[in-house]
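Enquirer: here's a sequence, model it:
(one chain, ligands or ions: 1)
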Amino acid sequence: MSKKREGIAVGSKCTWWDDAQNAMDVGGVLLCPHCKEPVRGVVESEEKFMQGVNERPDDFKAFVKWTKGKCFTSFDKAAISYRQHTGKQVRL
Ligand SMILES: [Zn+2]
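Expert: Next up, the predicted model:
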């Protein structure tokens, strides 16, 4: 976990996404550091990652930004936690 990685790692079985250097590296395989499931892939930048949600309303984008570095098994669960922490409701 010492060498610096570029880009944004995106979880496969969870909502986790974060700077790739924060991913867990087991023999070159990147894992979500929380649930230890392999990542789906790495996109080159946060800007690029957010492009995928640029069409969505601002409240959804804010929600996605909030999920950075957080691992939930589903977006429904993430949305519940988001509401508890921010008082904001997000439509998925
Ligand atoms: Zn995870």
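
Enquirer: helices along the chain, start to end?
Expert: Shown for the chain, the helices assigned by DSSP state H span residues 46-51, 58-66, 75-86.

Enquirer: of all those, which one comes closest to Trp16?
Expert: Across the helices of the chain, the minimum distance to Trp16, taken as C-beta to C-beta, is reached by helix 75-86, at 9.7 Å. For the C-beta atoms, the positions are set from N, CA and C on the backbone; glycine is no exception.

Enquirer: mind listing what's buried in the closest one?
Expert: Residues 75, 78-79, 82 are the ones in helix 75-86 that count as buried (16 or more other C-beta atoms under 10 Å).

Enquirer: which of these lies closest to the ion?
Expert: Proximity of these to the ion was ranked by C-beta to the ion; the top entry is Ala78 with 11.0 Å.

Enquirer: show me the contacts for the closest one.
Expert: For Ala78, the contacting residues are 15, 63, 67, 70, 72, by C-beta atoms under 8 Å, 6 or more residues apart in numbering.

Enquirer: low-confidence regions, this structure specifically.
Expert: 1-3 (pLDDT under 70).

Enquirer: which residue is nearest the middle of it?
Expert: In the chain, the centroid-proximal residue (C-alpha atoms, centre = their mean) is Trp17; its distance is 2.1 Å.
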